[in-house]
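Visitor: I'd like to go over a predicted model; first the sequence, then the structure.
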Amino acid sequence: MTQQVKYYQTGTYTVGNRLLDQEQRTVQASLDRSNALDSGHRACQGCGEALGARFAIDAAMRATDNQLIACNATGCLEVFTTPYPETAWQMPWIHSLFGNAAAVATGVAAAQRVKGKKEVRVIAQGGDGGTTDIGFGCLSGMFDRNDDVLYICYDNQAYMNTGVQRSSATPPAARTATTMPVGPNPGNEFGQGKNVPLVAMAHGIPYVATASVHDLHDLERKVTKAMSMRGARYIQIFVPCPLGWGSKPCDSIKLARMAAECGLWPLFEAEHGEITDSTKLRKPAKVDGYLKLQRRFAHMFKPGNEAQLEGMQALADKNIVKFDLLEEKGDEE
Amino acid sequence: MNKPFAITLDVGTSLVNHTGSWRTERPRYVDRIPPCNKTCPAGENIQQWLFHAEEGNYEQAFKTIMQDNPFPTIMGRVCYHTCESACNRKDVDEAVGINAVERFIGDEALRHGWTVECAPDTGKKVMVIGAGPGGLSAAYHLRRLGHSVTVFEAAPKAGGMLRYGIPKYRLPREKLAGEISRIEKLGVEIKTASPVTSVADTMKEGGFDACFLSVGAQVGGKVELPTDGSVPMFDAATVLKDLENEQLPDLNGHVVVYGGGNTAMDVARSATRMGALSVTVVYRRDRNMMPAHELEIHEALEEGVQLACLRTIKAVKNGELELEVMVTGEDNRPVGTGQTETVPATVLVQAVGQSVDLGPLNGLDGVEVKGGVVLVGKDMQTGAKGVFAGGDMIPSERTVTVAIGHGKKAAKNIDAFLRGEIFVAPAKHDDAGFGELNTWYYSDAPRSVRPVLDVARRQSGFAEVVGNLDEETAQYEARRCMSCGNCFECDNCYGVCPDNAITKLGPGEGFAFKYDYCKGCGICVAECPCGSIEMVPEDI
Amino acid sequence: MLKQMEGSMAVAEAVALARPEVICAYPITPQTHIVEGLGEMVKSGQLENCEYINVESEFAALSVGIGSSAAGARTYTATASQGILFMAEAVYNASGMGLPIVMTVGNRAIGAPINIWNDQTDSMSMRDAGWIQLFCETNQEAVDVHIQAFKIAEKLSVPVMVCMDGFILTHAYERIDMPEQAQIDQFLPPFNPRQVLDPANPVSMGAMVGPEAFTEVRYLAHRRQMDALELIPQVAQEYAEIVGRDSGGLISTYKAEDAETLVISLGSVIGTIKDVIDQRREEGEKIGCVAIRSFRPFPIAEIRKACANAKRIVVLEKCFAVGMGGMVASNVRMALSTQPVPVYNVIAGLGGRPITQTSLHNLFNEAAADKLEGLHFLDLNQEVVERELERQRLDECSGSVAENILRDIGAVAASKV
Ligand SMILES: Cc1cc2nc3c(=O)[nH]c(=O)nc-3n(C[C@H](O)[C@H](O)[C@H](O)COP(=O)(O)OP(=O)(O)OC[C@H]3O[C@@H](n4cnc5c(N)ncnc54)[C@H](O)[C@@H]3O)c2cc1C
Ligand SMILES: Cc1ncc(C[n+]2csc(CCOP(=O)(O)OP(=O)(O)O)c2C)c(N)n1
Ligand code: SF4
Ligand code: SF4
Ligand SMILES: [Mg+2]
């Protein structure tokens, strides 16, 4: 009965939907999701990283029938999940160092290969600092060798665990402890930073994608797709951090949604170096709504800093064109 | 495994860390009252029956409607659906087509012969006067509560204005009859052609414990016009009643209808169907001030009815009407200009309102009348003990749905009265306003439209104008509902909690918070699409 | 089987006999030939069931090794000099996590000034990193010790660093008696990890440990190294039983029983020292030596015992802690703190400077006369040093010391780095 009609009230945007077949709902909707990252962890209230990690890992667990090993870089995700004597991980998991998660994963994958355990798959994961900065060499090496590893970067746009310092993923204008909102160019400089998804693509690896905690279906689909492939794969997930961004804990998903809908966080996929798809904006918006909810951007709204706001909007507009984020309305399911 | 001390840990160990102690506010599930339900004059739980319809469970949807309203198929045709004007979805795209879905469900129910159950007999006898929507609603609800009910109806058939006012092309009579007979089958006795001349006497004679009056506003009003008698004049109520009784009124030639309400439209459109040469509606004020519903006017115009707005009839002479041109003055009042014009008229029908025949109330002590209508208390009781009233005869909006709502409310109060108690309505939930929703999650879905009969066929007969939705479209439309304020098991809270602090209890069971782990971040509240979770301060 | 071969190739073959499952390779002189050799063996199919991974840095090399070892694969890598510093963080991490990785260090000096030649400062920089450190005297020993290293590492769940002097051993062609595969298979059982990343039995490895347990974690690591003091000789014994050659243990002594002058050193220089001892014994001098094989754990009891009758100890080492002295000597002094015997510390062979028999004779002459200072630099060119010091006195900004000295002695070295 429910299959006759193609419209499902909340379509495919909510976590579950009683009107949809089980397999069309998200992994998170199911009673038997693995909860790979379980209750009792010590992340801040409303931590987007905790959420993103469970989303991604549970999806990967489902995709691999729980034959999964995770290698974690140092950072919030590691610290809040595994302070002795408690671990929140319900899966084989290893933390070695801040900058070597990709390499550790290469080793774990090599061990599976040599032991003929083809079914056991490996994920490396870390924060943006551990990925785009200190772990960048190992990451690039893993890409270069096309090792059978999915690397997931949880991008909260700064070094959070050490108290919110700038990373190469910190957006322009953002206040961090090392880019204070003082002087003529308050906050992080414009014209710096690196787009690691694009750098990953330049390696020609099988799969690169961006994802966000606000669009679970999209995130899970990407993780699942990544796990259906072999070789080096990279997904960078946007994970708001209430502590580091000066936002309300309840707004973590909302901010992710707003970042995407204004074009600052384009969702796209690429295979073998070519962009194959991008997620169109459902309710396009300007950047200010997104920025206003975060104290790290508060200075942008002070008189005299209009240029920063324009600069941000320009970045978003550029993304919208570059990643082809707009679509003519009308043909949704 | 002989694991290294401290550096290698066993899974599941974090559960000893009860992060719930960090919380200063706690989330909790709530039901809010959606605007549709809130504005429904019959108090239907619209969101709830749409919920069942979304799943294709139309019988359950029907039963849910029947909690409040015994006439889904009639509602789906004649209700002015204030619910849709209030529907939150209008701020997303367009309101949910609640009325269309209700009709689909009502028709399904008739087609399948679905019905409902009554409570065991109480032995109490209630008399209802008037088998219009108000009277039948009261009778139905009282019967379901186990009381024995007798309805006295003056007209040869039951239905009140549903039958003697609303034309067939809007409400086919087999639908009307179907829903009335469903009530009769529940054990309500309807005595037609049985006018009550004295409520007090009939009550005493029949040994009734209580009475509900819903005699409607049946007396057609007329404005006195200087006339030379060259044009016959009727009132709308009489014309429509005659139409129903097949004593076909002479609506040939140039028919002029005086008045701008729905009744005027019903007469005008009926005249078109009777073969009038021309039909003109004369209205004192501006077009946009016409009390008739826009859709009614629109359909009338489609069918060839002409509007003469900002005109009053000054006189009837020589088979013509003299009209004075009006302008809109202060407070939107029409002001005469002195300028006149004439229109030919074969017949003039005045549709300028109806009044209540209060004759049967004579001899009832304590009944208070004001402005031609009977006053009732909060409990719908008139000044006479045990005599309740509702519908067009009491001060309120005169619509079918309001009358049905009165009938329901009166039934509950009568039920309490029969037990010597006072009915106390359950506490109201908070509103599910648009601000409570997170509409990003709802798919874009334009409103569906019901099929409409083509104009040629409308002009030539009384076939129903507005068609039904097919099942697929009805279900689609039901699924456009955002379930404002009421959990619809989308699993968002269960999915978005960063701390896995929500237990999913399974289909139909909802969710529960694990307060041992909930840190009180409030993401579940923010991401609940329908606003069914709230944060409350933790007592610390 | 006896073979004439380069030390690096011999080590490569020995490692292959241990059936490693994952090998991480990154080039740095003088270790490179070992991983090159293994690479060819894997690629040709001679070494089966082995993943050979060309990594992008030493940090990655050991990190990959951490992953593979944690996932239960027998893991090997090799490095030297700058490489071991580049991987330093991972060196500590591998031992902290108790991962039985075997790593060769082709001992080489650490820059600046960059220098590709042999000394042992690189290994010594990691002496406190929690690894077992075994120093080889000969290539034959290197072959045998590498194989034993896997057994020791895996039995204790502690990584083992096998240290062999760069060039002097790695690049030297010698006759090697290579064990048979069957012998090694008998000696070394398959790796049965203490902990493993396994979906069937999940654990979290590498937790954050706070003050409440950190000391205990460290103490337990120390206890494992103390256990190694018993295990290392035991494994050497097992090896000798199967392969028929005693090459291992904690220390080895040479003419030490009655020695009044006891020379303590480690690595390949022991060979030269033995030759000099032989010559001096012929002159009637009671001189002998002790070769430290296991620098970590440090065999305090064995050293004490060996030194029990000596009148003086000369610790000759190819490493130097600037501002302090020799690392080996300080360790020996600690071992002998209860024995009233003078310990002379001689720093020799830094950055590849040859340690000649003549220099050693001169040194031992002075030692025998108890004329040595506590800290002595063998063959230090005092003239050059004085000139530079003089220049520095005259001009505060005298430029690079190394360049000045090179200019001074007229040698502009062009060496591969
Ligand atoms: C032409 C027309 C079109 C309308 N269209 C709509 C519409 O589309 N939607 C809408 O919501 N509302 C509409 N209305 C208004 C709606 O019909 C009335 O508000 C509603 O019917 C009132 O119900 P009721 O039960 O109070 O009275 P009624 O429907 O008027 O019923 C009263 C009944 O009591 C009977 N009765 C009266 N006196 C006695 C007596 N002494 N003894 C026994 N029986 C008696 C009458 O015969 C009648 O059957 C319309 C009204 C008219 C006139
Ligand atoms: C080699 C090294 N340098 C620095 C640190 C300190 N450190 C630990 S976590 C961290 C920040 C992590 O930032 P990121 O990777 O973005 O993860 P987040 O905490 O933001 O999730 C830093 C700088 C370290 N542990 N190791
Ligand atoms: S600092 Fe940010 S990333 Fe770290 S636990 Fe808190 S919310 Fe999460
Ligand atoms: S969306 Fe549904 S629940 Fe909300 S007001 Fe409209 S019909 Fe009612
Ligand atoms: Mg970060």
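Guide: Happy to help now that I have it. Ligands and ions are numbered 1, 2, ... in the order given.
Visitor: which residue packs closest to the residue in chain A that ligand 2 sits nearest to, ignoring adjacent ones?
Guide: Closest residue of chain A to ligand 2, CB to the nearest ligand atom: residue A:127 (2.0 Å). Every C-beta, even on glycine, is put in place using the N, C-alpha and C of the backbone. Spatial nearest neighbour of residue A:127, chain neighbours left out: residue A:75 (3.8 Å); criterion: CB to CB, 6 or more residues apart in numbering or on different chains.
Visitor: Pull the number of nearby residues for the one you found.
Guide: 27 (other CB atoms under 10 Å in any protein chain shown).
Visitor: quick revisit: pretty sure the residue of chain A closest to ligand 2 is touching residue A:159, no?
Guide: Yes. The pair residue A:127 / residue A:159 is scored as a contact, 7.3 Å apart, by CB atoms under 8 Å.
Visitor: list the contacts for the residue of chain A closest to ligand 2?
Guide: Neighbouring residues of residue A:127 by CB atoms under 8 Å, 6 or more residues apart in numbering or on different chains: A:49, A:73, A:75-77, A:153-156, A:159-161, A:167.
Visitor: Return the subset of these lying in helices.
Guide: Per DSSP state H, helices hold the following members of the contacts of residue A:127: A:49, A:76, A:77.
Visitor: Let's see if you can find the most crowded of those residues.
Guide: Taking other CB under 10 Å as the neighbour criterion, residue A:77 ranks highest of those with 31 neighbours.
Visitor: so how far is residue B:16 from that residue?
Guide: Relative to residue B:16, residue A:77 is positioned 20 Å away (CB to CB, to the nearest Å).
Visitor: Okay, residue B:358 and residue B:138: tell me how far apart.
Guide: Using CB to CB, we find residue B:358 at a distance of 19 Å from residue B:138.
Visitor: what's the residue in chain C positioned nearest to ligand 5 in contact with, if anything?
Guide: Nearest residue of chain C to ligand 5: residue C:208, at 16.9 Å (CB to the ion). The contact partners of residue C:208, by CB under 8 Å, 6+ apart, come to A:78, A:79, A:82, A:83, A:84, A:95.
Visitor: now with 10 Å?
Guide: Each residue near residue C:208 by CB atoms under 10 Å, 6 or more residues apart in numbering or on different chains is listed here: A:74, A:78, A:79, A:80, A:81, A:82, A:83, A:84, A:95, B:6, B:7, C:214.
Visitor: out of these, which are buried?
Guide: Buried subset of the contacts of residue C:208 (neighbour count, 16 or more other CB atoms under 10 Å in any protein chain shown): A:74, A:78, A:79, A:80, A:81, A:82, A:83, A:84, A:95, B:6, B:7.
Visitor: hmm, back to that, between residue B:358 and residue B:138, point out the one with more neighbours.
Guide: Each of residue B:358 and residue B:138 has its neighbours counted (other CB under 10 Å); residue B:138 has more, 37 against 17.
Visitor: wait, what's in contact with the more buried one?
Guide: Going by CB under 10 Å, 6+ apart, residue B:138 touches B:126, B:128-130, B:149, B:151, B:188, B:211-214, B:380, B:388-391, B:403-404, B:406-414.
Visitor: rerun at 8 Å
Guide: Counting by CB under 8 Å, 6+ apart, the residues that residue B:138 touches are B:128, B:212, B:214, B:388, B:390, B:406, B:407, B:408, B:410, B:411, B:414.
Visitor: quick one: the first one and residue B:210 touch, right?
Guide: If I follow you right, that is residue B:128. No. Applying CB under 8 Å as the test, residue B:128 and residue B:210 come out as separate, 9.6 Å apart.
Visitor: Show me which of these two is the more surrounded one.
Guide: Neighbour count, other CB under 10 Å: between residue B:128 and residue B:210, residue B:128 has more, with 33 against 23.
Visitor: That one looks like it's in a strand, true?
Guide: Yes. Counting by DSSP: H, G, I helix; E, B strand; the rest coil, residue B:128 is found in a strand.
Visitor: Specify the beta-bridge partners of it.
Guide: On the basis of DSSP bridges, residue B:128 is bridged to residue B:151, residue B:212.
Visitor: quick one, strands of chain A?
Guide: Assigned by DSSP state E, chain A shows strands spanning A:68-72, A:93-95, A:121-127, A:149-155, A:207-212, A:233-238, A:268-271, A:274-278.
Visitor: Run the contact check for the first one versus chain C.
Guide: Yes. Residues of strand A:68-72 contacting chain C under CB under 8 Å from any CB of the partner chain: A:68, A:69, A:71, A:72.
Visitor: Export these as CSV, with columns for distance to residue B:255, pLDDT and neighbour count.
Guide: As requested, those are exported to CSV (distance: CB to CB, whole Å; pLDDT from 0 to 100; neighbours: other CB atoms under 10 Å in any protein chain shown):
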residue, distance to residue B:255, pLDDT, neighbour count
A:68, 80, 98, 25
A:69, 85, 98, 29
A:71, 86, 98, 34
A:72, 84, 98, 29
